[in-house]
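[1] would you be able to build a 3D model of this:
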Amino acid sequence: MSTRETVSVTVDVREKQLALRKVLSPIHIWGLGVGIVLVGEFMGWNFSVQKGGMYGGLVACWIVGLLYTSLVMIDAEVTSAVPAAGGQYTQAKHTIGPLMAFNVGLYLTMAYTMLEAANANVLGYLLTTMSSVLGSTTQISAYPFAVLAIVGLAWLNYRGVFVTLSVNYLITGFAVLTILALFLGIAGWDPSAVMSLKGLTGQLGNGLPYGWIGVVAALQFGMWYYLGIEGTAQAAEECRSPSRAIPLGSMAGITTLVIAATVTWYVCAGLLPWQYLGTAITPLFDAARVTGNTALMLLLMFGTLFATLASANGCINDASRAWFSMARDRYLPEWFGAVHPRYRTPFRSIVFLVPIAIAFAILPILLHQDTLLSTIITFSILSGLLTYTFMGPNFLRFRRLWPMGSIHRAYILPLHPMPAIMLMILVLAVFFATFLGYGVALLSILAFYLLASIWFVLRRYKYVDKGAQFTAPLPRPRGY
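    Numbering: from 1, shown residues only. From the prediction side, this is the model:
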């Protein structure tokens, strides 16, 4: 039997099996992409101010915004042509090969699972902290909130992707509106009304206190504004029209995030001293408290909570799709590749990842180790960076394998190859910035993935369904 016939038989068999339900529209893709990321506007991004000052934080916001805009445009073209669960894993499978695909799938699963755990941990912290802010005298434990958040959101994902991402769309939309409400509440168009931007002058604190090396160091935390937007590709197989939903939802998502990131920086820079802003845990909530407006404070409190829930919810969705896709191709035990007969969700992958996320969420609480939480977050960030490292060269190869005119493209990346080159340069810059602050963690994570690659080659590759590697509705690549 020829290779083409083998692929055809494999695709025919898959079509007869239970498949994920195609129910998603562009608003669900927007809710997934922005929902995972928006928590970064409420916390985390401000550490870029600690590294680079107020201006350093703004430069990091826009430079990293350019990185993610290039990434989203690249993803929009490739994913609309290869609309399958797994996102970048599926792209790697078609353009490079099994070892790269295994690594990318693992990067994605670990990045989203660790981010989910961090979100659950932060959610517990927020609830305990805000209860004391609101005057509660009862000591509340963060432990049950972290566990219940993961279990509850996993149950929602188990029951169906349409409801899951509809909820994400609603709570993400509310969180975005709270940022705009804070801007309107302080009359942000008039800097002299409530805000004070003296921290940007040389009199009370330099906007670039550590020079341009501080700006470079700030790039690592500038990722918080956008980290996870690439997860929109994970939902391609469940879209009613992926060629429309993925480009439209992703582009709307990155536009929303750039605007929200800029407004967030501007509001916080005008309400909080840069020295405090650089160390704050919940900067937007703190900015609302400074205004003395109870309504704004409550809005931002709920906005922070909803953004954290939306991020954890989206992470469960994306991590399970990556794990499911790898199992479906036998990169992992095929048992994980099952689809629920009623809900049409990858239910075994969802359930399997729950105890892992819970363990990483509660360990920092049980051990009272804040440094462990930062390690978990760093693991997520670096796993995401490794995925981005692959995406630039992958797109150049995609264009060589399927040149313009050889396939239908729902979206065409403009100015090729500049966005891919820009992505590669900026990813290297962020890697360097991360190495400055977390060199040991970076080397440890690279060692982990190296060991995982050795395990795959020696123990797992023999089980891979080689006939199922090429499943995209594309012609034979040029040169094959």
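[2] so which bits of the lengthiest helix in the chain are buried?
    In the chain, assigned by DSSP state H, the helix with the most residues is helix 418-455. By neighbour count on 16 or more other C-beta atoms under 10 Å, the buried set for helix 418-455 is 419-420, 422-424, 426-427, 429-431, 433-434, 438, 441-442, 445, 449, 452. Where you see a C-beta, it was placed from the backbone N, CA and C, and this is true even at glycine.
[3] low pLDDT regions in the stretch 101-250 of the chain?
    Along the stretch 101-250 of the chain, segments meeting pLDDT under 70 span 130-142, 198-207.
[4] thinking again about what came up before, centre of the chain versus the longest helix of the chain, how much separation?
    When C-alpha coordinates are averaged (C-alpha atoms, centre = their mean, to the nearest Å), helix 418-455 and its chain have centres 16 Å apart.
[5] check which helices and strands it sits against.
    Contact partners of helix 418-455 among helices and strands, from 3 or more C-beta pairs under 8 Å, 6 or more residues apart in numbering; DSSP states H and E: helix 47-81, helix 98-133, helix 211-222, helix 370-401.
[6] which residues touch the host helix or strand of residue 361?
    Applying DSSP states H and E as the criterion places residue 361 in helix 347-367. Residues outside helix 347-367 that contact it (C-beta atoms under 8 Å, 6 or more residues apart in numbering) are 109, 113-114, 116-118, 120-121, 124, 142-143, 146-147, 150-151, 154, 157-158, 316, 319-321, 323-324, 327, 335-340, 369-370, 372-373, 376.
[7] how far off helix 98-133 does that helix point, in degrees?
    Between helix 347-367 and helix 98-133, the angle comes out at 50 degrees (axes from the mean of the first three to the mean of the last three C-alpha atoms, to 10 degrees).
[8] what average pLDDT does helix 347-367 get?
    Per-region confidence: helix 347-367 scores 88 on mean pLDDT.
[9] buried residues in it?
    Those would be 347-350, 352-354, 356-358, 360-362, 364-365, for helix 347-367 by 16+ other C-beta under 10 Å.
[10] and what of stretch 145-161?
    Buried residues in stretch 145-161, counting neighbours by 16+ other C-beta under 10 Å, are found at 145-147, 149-150, 153-154, 156-161.
[11] quick one: distance of it to the chain centre.
    18 Å.
[12] now swap in stretch 148-162 and tell me
    That offset, for stretch 148-162, works out to 18 Å (C-alpha atoms, centre = their mean).
[13] can you show me the CA trace of it as CSV?
    The C-alpha trace of stretch 148-162 is given here as CSV (Å, rounded to 0.1, in the frame of the first residue of the first chain):
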residue,chain,number,x,y,z
LEU,A,148,-12.2,23.9,44.0
ALA,A,149,-11.3,26.3,41.1
ILE,A,150,-9.4,23.6,39.2
VAL,A,151,-12.0,20.9,39.9
GLY,A,152,-14.9,23.1,39.0
LEU,A,153,-13.4,24.4,35.8
ALA,A,154,-12.3,20.9,34.8
TRP,A,155,-15.9,19.8,35.2
LEU,A,156,-17.1,22.6,33.0
ASN,A,157,-14.5,21.6,30.3
TYR,A,158,-15.6,17.9,30.7
ARG,A,159,-19.2,18.8,29.9
GLY,A,160,-18.6,20.6,26.6
VAL,A,161,-16.4,23.1,24.8
PHE,A,162,-19.3,25.4,23.7
